[in-house]
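J.: quick check, what structure comes out for this input:
(2 chains)
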Amino acid sequence: MTLAPVAHEDCLVIRDLTVAYGRKVVLKGVQADIRRGQVVGVVGPNGGGKSTLLKAILGMVPLVGGSVHLFGRPATQMRAHIAYVPQKEEVDWQFPVTVHDVVMMGRYPHSGWLRRNNGKDRRIADEVLARVDMLEYGGTQIGQLSGGQQQRVFIARALAQEADVLLLDEPMNGIDASTQDVILRVIEEQKDAGRIVILATHDLVSASCACDCLCCVNERMVSYGPLAETYTTENLAATYGGPLIMLGRAGVPEPVHTHHHGGEHAHHSHDHAGSERN
Amino acid sequence: MPIVDYLADPFQYDFMKRALVEVILMGAVTGAIGAFVVLRGLSFIGDALAHAIFPGVVIAFLLGQGIFFGALIFGILTSVMIGVLATNQRVKEDSAIGVLFAGTFALGIVLISSSKNFTRDLASFLFGNVLGVTTNDIMLSAIAGVIVIVLIIAFYRELLITSFDRGAAQAMGLPVLALDLLLLIMISLTIVVSLRAVGNILVVAMLVTPAATARLLTDRLPVMIALAAAIGVVSGIIGLYVSYYNDVAAGGTIVLSATAIFGLAWLFAPEHGYVMTHVIQRRLAGGIPETTILFESPEIQQPHES
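T.: Below you'll find the model as predicted:
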């Protein structure tokens, strides 16, 4: 794959990205060109730098090397165009806000300092809540929701931002099957609308279903490329640093339950969520 | 004594009228900003700031200047220093706070010990002296209070987003560190408003207790802020009466009133109180077959991944 020059108008361009916490390098050598309408899965073992990569794209962690450009401009200047769904565990769900309040937070980049939300913002909040099947819960305090419903509220907040890039950090963790369907549907809609979706997940099956490209990381970028090149036994074994038994072959993700060879248990223990589908 | 006389009697004195205005201002402002103190878990920082502005108050007092600006300067200096000291990864933020607030408080003690009326002055700073407030004090409290309330309204959404979800706030490009500093400055201003009424040591109670009470009573932040302010005002007024009729320190009775209201809410809050969650719900649950409960839950959860 040839890498485009940095100022690429239609891409999210990541070059030689290196992140360190203190003196410890936690992620290095990330290179990627992500075009509009592409869905990229960031996969790798726990602690391998998946969340860190998303946070680096957002400029939330300091880069010690490399750069991230969106549509030809440094990503840190384009934050309003990047929507982020953090892991559910990172917020206090007892916080006294309703579902609607949380979704309205996504409208913030459109209004800015000292300005109030208007009728358009409220209408968009209702629209995106309907898209994740949560409209009827608008007035509910967020702590009353199930884990899956909470995840949908976070997704709705990101959609309300109407951003060009959607970053999802482990959206499939601890959710129910219907929420998983909603998330996959939203990813599909974003892709069709020509937006970029980047999905950090340890669930290889849902990554292979939803994504066009994989970015495999384990403290460094192991590989980046189309599913056909990266969703392979050799590559994933290299990423996870050990014997990993693959079920589907390159680019042809197959439902887990149709396979009954010896590796199924190993795979199951890795991702329960994907096995619920199909 | 008829109830009207009982309520009106204290306010035949001008010093009591001034005290009333002062505690109303203090109660409203501490309650409102307290909502953010409670939601962000800043009780310790609030306490630390109250102690850290002590030398500022003493220096201004010894120089014969208004204590207002002395307190404010030390409040802001401390807010910044906490952030600076904690940038050394060996010094955790709570350690930085502990070091600073004890150190600055000691500085205040040393300074005030040079005053001729050491004991009396110290006591009035530490425990408040609401019966001694002047019209000038009230004006300064009112100005500081209005500034804090206006800042809460102006930056409501910024404070809400950074308090609820710091990661998302950062991702949206909100200047979270600047907003943290703004909040600390607002807390410092609030502490200055409260010094006369409840003093240095007890101010943390007014920052935390009314807001913690409101938290038990509502699930909406705007309601919580308003309720906390109302509870702060009511605590101030009740405390003032108790102090007047029993001839005890007003700072203490105001805080005790707030504590009593918190106790009532903890026990009897309609949804989150002890009685409701432990006694009534258990009884209700006993009366309904389990299958019904399962059927009514919005969505049956998949087990969480380990």
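J.: just the buried positions in the one helix or strand residue B:74 maps to, please.
T.: Element membership of residue B:74 [criterion: DSSP states H and E] is helix B:67-85. Across helix B:67-85, burial judged by 16 or more other CB atoms under 10 Å in any protein chain shown covers B:67-68, B:70-72, B:74-79, B:81-82, B:85. In this view, the C-beta of every residue, glycine as well, is placed from N, C-alpha and C.
J.: who does that helix touch, helix- and strand-wise?
T.: Packing partners of helix B:67-85 (3 or more CB pairs under 8 Å, 6 or more residues apart in numbering or on different chains; DSSP states H and E): helix B:43-52, helix B:54-62, helix B:93-112, helix B:176-217.
J.: and the closest residue in space to residue B:186 that isn't next to it in sequence, which of the three is it?
T.: What sits nearest to residue B:186 in space, not counting adjacent residues and going by CB to CB, 6 or more residues apart in numbering or on different chains, is residue B:148, at 5.2 Å. Under DSSP: H, G, I helix; E, B strand; the rest coil, residue B:148 falls in the helix class.
J.: these two touch, right, residue B:148 and residue B:29?
T.: Yes. The pair residue B:148 and residue B:29 qualifies as a contact (CB atoms under 8 Å) at a distance of 5.3 Å.
J.: what about the two, which has more around it?
T.: It is residue B:29, of residue B:148 and residue B:29, that has more neighbours when counted by other CB atoms under 10 Å in any protein chain shown, with 31 against 23.
J.: isn't the more buried one up against residue B:193?
T.: Yes. Counting by CB under 8 Å, residue B:29 does reach residue B:193; the two are 5.2 Å apart.
J.: closest one of the buried residues of helix B:67-85 to chain A?
T.: Chain A lies nearest to residue B:85 out of the buried residues of helix B:67-85, by CB to the nearest CB, at 16.9 Å.
J.: which non-adjacent residue is nearest that closest one?
T.: residue B:96 (3.8 Å).
J.: quick one: secondary structure of the closest residue to chain A within the stretch 201-306 of chain B?
T.: Nearest residue of the stretch 201-306 of chain B to chain A: residue B:219, at 3.9 Å (CB to the nearest CB). Classification of residue B:219 using three-state DSSP returns coil.
J.: nearest residue to it other than its sequence neighbours?
T.: residue A:141 (3.9 Å).
J.: show me what contacts that neighbour?
T.: A:96, A:97, A:98, B:219 (CB atoms under 8 Å, 6 or more residues apart in numbering or on different chains).
J.: look up the pLDDT of the residue in the stretch 101-250 of chain A that chain B sits nearest to for me, please.
T.: Relative to chain B, the nearest point of the stretch 101-250 of chain A is residue A:141 (3.9 Å; CB to the nearest CB). pLDDT recorded at residue A:141 is 93.
J.: phi and psi next, for it.
T.: Residue A:141 has phi and psi values of phi -70, psi 140 when expressed as degrees, to the nearest 10.
J.: so it bridges to which residues?
T.: In this entry, residue A:141 is beta-bridged to residue A:98, by DSSP bridges.
J.: so who does residue B:173 touch?
T.: A:76, A:79, A:80, A:109.
J.: can you do 6 Å?
T.: When contacts are counted by CB atoms under 6 Å, 6 or more residues apart in numbering or on different chains, residue B:173 touches residue A:79.
J.: related to what we said a few turns ago, give me the common contacts of residue B:148 and residue B:29.
T.: residue B:190.
J.: list buried members of the contacts of residue A:141 by neighbour count.
T.: So, by 16+ other CB under 10 Å, the buried ones in the contacts of residue A:141 are A:96, A:97, A:98, B:219.
J.: the last one reaches residue A:95, doesn't it?
T.: This means residue B:219. No. Assessed by CB atoms under 6 Å, residue B:219 is found out of contact with residue A:95, at 9.3 Å.
J.: mind listing the strands for the stretch 51-200 of chain A?
T.: A:63-70, A:73-74, A:82-85, A:165-169, A:196-200 (DSSP state E, counting those that start in this stretch).
J.: point out where the chain drops to low pLDDT.
T.: Because you didn't say which chain, this covers chain A. Low-confidence segments of chain A, defined by pLDDT under 70, are located at A:1-8, A:112-117, A:242-278.
J.: not what I meant, chain B
T.: Within chain B, the ranges that satisfy pLDDT under 70 run B:1, B:66, B:284-306.
J.: what does chain A put close to chain B?
T.: Residues of chain A lying close to chain B (CB under 6 Å from any CB of the partner chain) are A:58, A:60, A:79, A:84, A:86, A:90-91, A:95-96, A:105, A:108-109, A:114, A:141, A:146, A:174, A:176, A:272.
J.: buried among those? Need that as a selection in ChimeraX.
T.: A single ChimeraX command suffices to select whichever of the residues of chain A next to chain B are buried according to 16+ other CB under 10 Å:
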select /A:58,60,79,84,86,91,95,96,105,108,109,141,146,174,176,272
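J.: what residues of whichever helix or strand residue B:140 is part of count as buried?
T.: Here residue B:140 sits within helix B:135-154, counting by DSSP H and E. For helix B:135-154, burial by neighbour count (16+ other CB under 10 Å) applies to B:137, B:138, B:140, B:141, B:144, B:145, B:147, B:148, B:149, B:151, B:152.
J.: residue nearest the centroid of chain B?
T.: residue B:207 (0.8 Å; CA atoms, centre = their mean).
J.: check contacts around that residue.
T.: Residue B:207 sits next to B:30, B:34, B:37, B:46 when contact means CB under 6 Å, 6+ apart.
J.: let's see it at 7 Å
T.: Residue B:207 makes contacts with B:30, B:34, B:37, B:46, B:190, as judged by CB atoms under 7 Å, 6 or more residues apart in numbering or on different chains.
J.: any idea how far residue B:32 is from it?
T.: Distance of residue B:207 to residue B:32, computed by CB to CB, to the nearest Å: 10 Å.
J.: before we move on, what about residue A:80?
T.: Taken as CB to CB, the span from residue A:80 to residue B:32 is 30 Å.
J.: the two: which is more packed in?
T.: When residue A:80 and residue B:32 are compared on other CB under 10 Å, the one with more neighbours turns out to be residue B:32, at 27 against 16.
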